[in-house]
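> Pasted the sequence and its predicted model underneath.
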Amino acid sequence: MADIANPHDKFFKEVLSREEIARDFMIHYLPSDVVDLFDMTSLEIRKDSFVDNTLKEYFSDLLYCVDTKDGGSSYVYVLFEHKSYPERLISLHLLRYMARIWERAVKLGESKPLPPVIPVVVYHGRSKWKVGLDFQDLFDLPGALQVYLPDFRYLLCDLTQYSDEEMRGAVTLKAAFLLMKHIFAEDLADRLPGILELLKDLLNKRSGLEYLETLLRYVASGSDQIREEEIERGLKEILREKGGDIMPTVAEQWIERGIQQGIQQGIQQGIQQGILETSRTALIEVLEERFETVSQTLRSRLRAITDPDVLKSLLKRALNAGSLEEFNAEVQAALA
């Protein structure tokens with residue numbers, strides 16, 4: 001699978017790569033009439049990569065296969081995609097990905113009939129998702145022409161539209177989704193102990209501690225709204241509550257060796273990366289709001305800029321640039 005620099009994509013992939021969490025998500029967030037068709041015990045992640053270099057920016061390359069209950073040879077691919085900002089052309093990118101899956105099925109002799117692909121987009125960005133769910137929303141054509149266009153709908157799971165109480169599933173899924181929902185919030189430090197508390201009954205197992213570490217690394221790398229001492233305080237609260245005044249030995253050793261190292265590394269590297277990613281995301285959102293489409297080339301150039309002051313300056317230019325070409329010239333000058 002492809003390496004993903006974006007901390008939000010990386011966390012999403014780490015979480016949903018766990019089959020038990022992916023199964024939990026499908027049961028609780030996919031339409032019930034769709035889930036009823038699936039043999040959920042057959043769910044397995046596909047190791048094949050269908051993403052080329054031009055698509056790595058858009059997809060976390062996370063694909064599951066599940067059998068249907070009809071006992072036949074039919075099966076369904078469930079494609080997971082994550083977004084921390086609205087993407088106007090998401091349907092087009094999904095279609096390219098789906099086509100690659102079907103091309104692979106043809107090569108493997110699995111094309112009679114082709115397996116259906118259910119595209120699922122999980123969103124947790126700052127601004128409201130206003131992108132149409134249907135592929136044909138990309139066009140403005142008379143009805144007589146629409147019949148000649150591809151048509152499909154992706155399933156949108158917009159975490160920002162759920163209250164905390166409405167988050168469904170096991171604690172592992174709920175904790176991850178709550179963290180994604182609030183990762184940009186100014187009060188993340190206040191919310192973190194309550195989110196981590198969901199995992200308290202899992203901490204007597206190494207797998208539970210490892211999952212907790214995954215969440216904390218995401219906090220350290222994905223948010224610029226929380227300080228190191230606030231992360232440590234939230235962690236110590238949950239471990240103290242779990243084990244009394246003195247933390248259990250395995251948890252204590254783990255926090256000393258693992259989390260301390262992870263947070264320090266996150267503060268030194270991840271937090272910086274999180275700040276850069278936040279700045280880039282804000283830039284792209286402004287450009288999309290003003291000019292609608294931001295090319296992959298421009299996105300790659302913005303990703304190559306690692307000085308937060310330069311990105312801050314470019315954000316001001318994005319607000320005032322007369323055209324996308326003018327802004328692109330500013331970016332090229334910054335990279336020179």
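Perfect, thanks for sending it. Quick caveat: nothing in here was measured; it's all calculated off a predicted structure.

> switch to C-alpha atoms for all contacts and neighbour counts from now on
Fine.

> Quick one: residues contacting Pro150.
Phe135, Gln136 (C-alpha atoms under 8 Å, 6 or more residues apart in numbering).

> CA atoms only for the host helix or strand of Glu210, dumped as PDB, please.
Using DSSP states H and E, Glu210 maps to helix 206-222. The C-alpha coordinates for helix 206-222 follow below in PDB (Å, rounded to 0.1, in the frame of the first residue of the first chain):
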ATOM      1  CA  ARG A 206      -1.000  -4.900  24.400                       C
ATOM      2  CA  SER A 207      -3.300  -4.500  21.400                       C
ATOM      3  CA  GLY A 208      -5.300  -1.900  23.300                       C
ATOM      4  CA  LEU A 209      -2.200   0.000  24.200                       C
ATOM      5  CA  GLU A 210      -0.900  -0.100  20.700                       C
ATOM      6  CA  TYR A 211      -4.300   1.300  19.500                       C
ATOM      7  CA  LEU A 212      -4.100   4.100  22.100                       C
ATOM      8  CA  GLU A 213      -0.600   4.900  20.800                       C
ATOM      9  CA  THR A 214      -2.000   5.200  17.200                       C
ATOM     10  CA  LEU A 215      -4.600   7.700  18.400                       C
ATOM     11  CA  LEU A 216      -2.000   9.700  20.400                       C
ATOM     12  CA  ARG A 217       0.400   9.900  17.400                       C
ATOM     13  CA  TYR A 218      -2.500  11.200  15.400                       C
ATOM     14  CA  VAL A 219      -3.200  13.900  17.900                       C
ATOM     15  CA  ALA A 220       0.500  14.900  18.000                       C
ATOM     16  CA  SER A 221       0.800  15.000  14.200                       C
ATOM     17  CA  GLY A 222      -2.600  16.100  13.100                       C
END
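
> That one packs against which elements?
helix 7-16, helix 171-182, helix 228-243, helix 260-265, helix 271-291 (3 or more C-alpha pairs under 8 Å, 6 or more residues apart in numbering; DSSP states H and E).

> and the residue nearest to Leu155 when sequence neighbours are not counted, what pLDDT?
Among residues not flanking Leu155 along the chain, Val120 sits closest, at 4.7 Å (C-alpha to C-alpha, 6 or more residues apart in numbering). On the pLDDT scale, Val120 is placed at 91.

> quick check: angle from whatever helix or strand Val120 lives in to helix 171-182?
Using DSSP H and E, Val120 falls within strand 117-123. Strand 117-123 and helix 171-182 meet at an angle of 60 degrees, taking axes from the mean of the first three to the mean of the last three C-alpha atoms, to 10 degrees as the criterion.

> which other residues reach strand 117-123?
So strand 117-123 is contacted by 76-85, 94, 98, 129, 153-160 (C-alpha under 8 Å, 6+ apart).

> related to what we said a few turns ago, give the buried residues for the helix holding Glu210.
Buried residues in helix 206-222, defined by neighbour count with 16 or more other C-alpha atoms under 10 Å: 208-209, 211-222.

> and the angle for the strand holding Val120 with helix 7-16?
Using the same axes, to 10 degrees: strand 117-123 against helix 7-16 is 130 degrees.

> Which is the succeeding secondary structure element to strand 117-123?
Per DSSP H and E, strand 117-123 leads on to helix 143-146 as the next helix or strand towards the C-terminus.

> Put the alpha carbons of that next one into CSV.
Taking Å, rounded to 0.1, in the frame of the first residue of the first chain, the C-alpha atoms of helix 143-146 are listed here in CSV:
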residue,chain,number,x,y,z
GLY,A,143,-31.8,15.5,-19.9
ALA,A,144,-31.5,14.1,-23.4
LEU,A,145,-27.7,13.9,-23.1
GLN,A,146,-27.6,12.6,-19.5
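
> Mind listing the strands whatever helix or strand comes next after that helix pairs with, and their directions?
Per DSSP H and E, the first helix or strand lying C-terminal to helix 143-146 is strand 155-158. Paired neighbours of strand 155-158 in the sheet (DSSP bridges): strand 117-123 (parallel).

> ok now the partner strand, how far from the chain's centre?
11 Å (C-alpha atoms, centre = their mean, to the nearest Å).

> Quick check: buried residues in it?
So for strand 117-123, counting by 16+ other C-alpha under 10 Å, buried means Val117, Ile118, Pro119, Val120, Val121, Val122, Tyr123.

> Low-confidence stretches in the stretch 1-150 of the chain?
Applying pLDDT under 70 to the stretch 1-150 of the chain flags residues 1-5, 47-61, 71-75, 111.

> Domains in this structure, by residue range?
7-166, 171-271, 276-335 (automatic domain parsing).

> what's the span of the first one from first residue to last?
Meaning domain 7-166. 25 Å (C-alpha to C-alpha, to the nearest Å).

> Likewise for the shortest one?
End-to-end distance of domain 276-335 (C-alpha to C-alpha): 15 Å.

> for the record, mean pLDDT for that domain?
The model assigns domain 276-335 a mean pLDDT of 82.

> before we move on, back to that, export the buried residues of helix 206-222 as TSV, with columns for pLDDT and distance to Glu110.
Formatted as TSV, the buried residues of helix 206-222 follow (pLDDT from 0 to 100; distance: C-alpha to C-alpha, whole Å):
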residue	pLDDT	distance to Glu110
Gly208	80	38
Leu209	77	41
Tyr211	87	36
Leu212	84	40
Glu213	81	40
Thr214	85	37
Leu215	88	38
Leu216	84	41
Arg217	82	40
Tyr218	86	38
Val219	86	42
Ala220	79	43
Ser221	79	41
Gly222	82	40
